[in-house]
Structure formats: structure tokens, C-alpha cells
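Enquirer: Pasting a predicted model and its sequence here:
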Amino acid sequence: MQAVDINSPEFQVELEKTWTFVEKVNETFGWVQNPNEDVNEGVAMGLARNKIMYGKRFCPCFMVIGETKEEQKAADNRICPCKPAIEKEIPEDGLCHCGIFCTPEYAQVQQKTDEIEEVVHQHSRGLSKEEAETLLKKEQLDGDEVEALMEARSLNMIDFILLDVRELMEYKMGRIVGTDVLVPTSSFYAEIEQLNAKKETPILVYCHSGSRSYQVQHAMKSLGFKQVSNLRYGIISFSGETERG
């Protein structure tokens, strides 16, 4: 297999051609590049590498099958922009599997999400109302994100129900300050009925490590709850204020 030196003049020339190719693809389909430059750089380098190695810009996110050109053609390897991206991935998900091509709408949302992530994890400032509303729509949240949402709720920017799905013993040993309801997983279907009138209100669920709450999240969705978010790694990942008793 041919070795590719990314510092060689040959590779740099091909990489420049690849960026021109990417721009033309975007113009043709009305797409834009991912707002994450690291994603774009990695994919572009992979496309340039495959062009040098195989003579075609095979998708760098999939293994190229076949030793000869005939075998590679018969294997129906993905060639960028690939058919699945054009027909399914971008229309349905907003971006291709590799992530370099996306719709303008996806890029706009992703850019806002990235900005929120930076605010939340660097603790540079509090969330704005719009940022808090956007973050609350995220299905899987980490401890910093939940802490930021709790602060936003205390400032009346947003409203949601914080639901603990552990058992009573665990709840008494330590829970997130501001927890609204305890619905133990062991009696979930009987006790969740108390929230039937709140199916339109966003709900954030948590347990010890995120496993039970993940299951509850999907069960609640099947019961018609509109927006349910999960503290992905549970209360053990939450560094905000907790209480006992």
C-alpha cells in the first residue's frame, strides 16, 4: 500500500485541489461546511489521501474495499459526495456521515450549540434565555449543562421539572437541590401518572449513573411526554449543589 507523506508537495497540492472540490460540491448542492473546522480539516485530508492512494476521493470515514480498481468499483465504495449523503443523510440529518457537508440550517444550529457548550464548560458567563431554551432541547446533558440550566431556571428564564428516578433511600442520601419530584424506577408506571398533566412541560430526569434515567427517558416518550432530557452520567457527574435528608 502506498504511503502518503502529508508534508510532501504532492499531498499539499492535492489538499488544495480537495478544498476547491469541497467548495464546488457546496455550490452545486446548496450545502455549507461544518462550523467545526477540525472536522472539515480531518475529512479534507482523508479525501486528499484517498485521491493519491486510489485515484478517487473515496469517503475517508469508510474502509476502501478492493485491491484493484475493478474490485473497488465492484465493491461500490463511497465516492464523495456519496449517494447516501445526497439522498438520505443530509436531507434527514442535516449533515453527511463524515460531517464536512451540511445544510445551512444545521450549520446555524450547530454553531449556536458550540457557543453554548463553550459558555457552559468554561463558566465564562451565564446562559442567555435563548441559549437556555436551546440547551433544554438537548436529549443527553452532562453535569455542567444541568447546572447551567438550574441557574437559568432560578432566574425564571426557562421552566422544567427536575425528576429523580432513584429509590427513596438514594434520594435521602443526596439529591440535586431543586429536584421537584421523586418517581422511583421500581414503581415508575404507577407513580408517573402524577405528571400526566405536565406532558407538555420539559422534564429533566436523573439517577445515580444515568442508566435508569436513560430507560425512563424513553419510557416517558412512549407515554407521550413531549420533551425529556437525561443527565447522561447521573448525579455522580453533577458538581452543583446537592442536599441530604
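Expert: Arrived safely, thanks for sending.
Enquirer: From here on, just use CA atoms for contacts and neighbour counts.
Expert: Noted.
Enquirer: Show the contacting residues for residue 66.
Expert: 72, 75 (CA atoms under 8 Å, 6 or more residues apart in numbering).
Enquirer: Could you tell me whether it really is in a helix?
Expert: No - remark: residue 66 does not belong to a helix; assigned using DSSP: H, G, I helix; E, B strand; the rest coil, it is coil.
Enquirer: Tell me where this structure has strands.
Expert: 32-33, 101-102, 140-141, 161-164, 175-176, 181-182, 203-206, 228-231, 242-243 (DSSP state E).
Enquirer: And the average pLDDT for the first one is what?
Expert: Averaging the model's pLDDT scores along strand 32-33 yields 95.
Enquirer: Format the strands of the chain as a markdown table; extra columns: mean neighbour count and distance to residue 222.
Expert: Shown next, in a markdown table, are the strands of the chain (neighbours: other CA atoms under 10 Å; distance: least, CA to CA, whole Å):
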| stretch | mean neighbour count | distance to residue 222 |
| --- | --- | --- |
| strand 32-33 | 20 | 35 |
| strand 101-102 | 28 | 30 |
| strand 140-141 | 21 | 17 |
| strand 161-164 | 22 | 17 |
| strand 175-176 | 21 | 26 |
| strand 181-182 | 17 | 20 |
| strand 203-206 | 26 | 14 |
| strand 228-231 | 26 | 11 |
| strand 242-243 | 14 | 30 |
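Enquirer: Export the ones you listed to CSV and append columns for distance to residue 119.
Expert: Converted to CSV, the strands of the chain look like this (distance: least, CA to CA, whole Å):
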stretch, distance to residue 119
strand 32-33, 23
strand 101-102, 24
strand 140-141, 14
strand 161-164, 22
strand 175-176, 22
strand 181-182, 28
strand 203-206, 20
strand 228-231, 18
strand 242-243, 22
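Enquirer: Could you point out which of the ones you listed sits nearest residue 114?
Expert: Nearest to residue 114 among those is strand 140-141 (13.8 Å), distances taken as CA to CA.
Enquirer: mind listing what the closest one pairs with, with the direction of each?
Expert: strand 228-231 (parallel) (DSSP bridges).
Enquirer: contacting residues around the strand it pairs with?
Expert: In contact with strand 228-231 (CA under 8 Å, 6+ apart) are residues 136-143, 146, 202-207, 210, 213-214, 217, 220-221.
Enquirer: Any quick ChimeraX command for the buried ones out of those?
Expert: Typed into ChimeraX, the next command selects the buried ones out of those (criterion: 16 or more other CA atoms under 10 Å):
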select :136,140,141,142,143,146,202,203,204,205,206,207,210,213,214,217,220
